[in-house]
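# quick one: sequence and predicted model below, then my questions.
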Amino acid sequence: MAALRPSLAPSAFALHSRQLQRMLARPVGLRYASSKPPPPKPRLLEKPERFNPPSHPSRLRSKPRSYGAPLSDRERQAQKTRTYPHMMPAEGTFTYWFLTNKTIHLWISIGILVTLTVGVWLGDFLHSTPYMDLLPPNNMFFAHPFTFLGRYIEVYQMHSEYVTAQTAEMRRQKVEDVKRRSEFRKAHGLEDEDEGKFGGWTAKKDDEVLGPTPAMREGGQAAPETQSSIAMDLATAAPATGSAPVKNAGPATYVDFDGKTQPVQKKWFGIW
């Protein structure tokens, strides 16, 4: 049996045993690491919230970048007068002067605005004037321009007077309507003459607007033609019937929806 065992060299066992002894005898606190401080890391800038472009480049270009040979003076002069499609015309041409002249564009804009204004005014005048038959014919402008313009001015003055009279009549009708309402309320005791601290919401009398007349300053009455028709009727009806004025009468009453008699309550500003 001893002859069947493999024979190993004694030197291999001795080397293995010495390695085990070294590993067991190695101190525990020993580590294979460098004790030098690590190299400093590069400084990191804070990430900006948005892109802030620089105010100026790091260096200025001394001349424009061109990848070919520099142009001669003759080529530069020819380049100024050269035309390109879909671009501004070259400097020194009539088209360039017309497109870049501010005075011409100012007069063109003013002319367009004046033309539109005159057209709108003339169309409104011809559409609304009642003196259309008094206007001169259009072919008269070339034969007698001054007579044509003079007649147009006369017709326009007549049209202005007509519009002014129409506006005054409409205003007079509205004022008389307000006066009638005020006198009706006063006649039926719905509103006093001095109601409200601000003078009420009705129309003022002529003496309140224009002031008292000399006859009224002396203690007399106003002229009959200056008084309204409703006020004159009320003044003549009171002595004929022998009834006292509305203010001196008893409290005004009215019949409500239930058939009961209720006193008329004073309303402020005609609302409450």
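Alright, I've got the coordinates.

# which parts of the chain are helices?
10-25, 73-80, 94-100, 102-128, 140-143, 145-187, 206-210, 214-217, 229-241 (DSSP state H).

# could I get the ones you listed as TSV with distance to Met87, mean neighbour count and mean pLDDT?
Backbone N, C-alpha and C define where each C-beta goes, glycine included. TSV is the format used below for those (distance: least, C-beta to C-beta, whole Å; neighbours: other C-beta atoms under 10 Å; pLDDT from 0 to 100):
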stretch	distance to Met87	mean neighbour count	mean pLDDT
helix 10-25	87	9	75
helix 73-80	13	10	85
helix 94-100	11	11	91
helix 102-128	20	10	95
helix 140-143	46	11	90
helix 145-187	47	13	91
helix 206-210	71	11	53
helix 214-217	84	10	52
helix 229-241	81	11	51
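
# just so I know, which of the ones you listed lies nearest Arg43?
Within the helices of the chain, the stretch nearest Arg43 is helix 10-25; the backing value is 45.7 Å (C-beta to C-beta).

# please write out the alpha-carbon positions of stretch 58-65 in PDB.
Output in PDB follows, covering the C-alpha atoms of stretch 58-65 (Å, rounded to 0.1, in the frame of the first residue of the first chain):
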ATOM      1  CA  SER A  58     -14.000  87.100 -25.900                       C
ATOM      2  CA  ARG A  59     -12.400  88.800 -28.800                       C
ATOM      3  CA  LEU A  60     -13.500  91.100 -31.500                       C
ATOM      4  CA  ARG A  61     -13.200  90.200 -35.200                       C
ATOM      5  CA  SER A  62     -10.700  92.500 -36.900                       C
ATOM      6  CA  LYS A  63     -12.300  91.800 -40.300                       C
ATOM      7  CA  PRO A  64     -15.200  89.900 -41.700                       C
ATOM      8  CA  ARG A  65     -14.800  86.200 -42.100                       C
END
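
# before we move on, the earlier item: mind checking which of the helices of the chain is nearest Asn52?
Nearest to Asn52 among those is helix 94-100 (36.7 Å), distances taken as C-beta to C-beta.

# burial count for Pro89?
16 (other C-beta atoms under 10 Å).

# picking that back up, between the helices of the chain, which gets nearest to Lys260?
Nearest to Lys260 among these is helix 145-187 (23.3 Å), distances taken as C-beta to C-beta.
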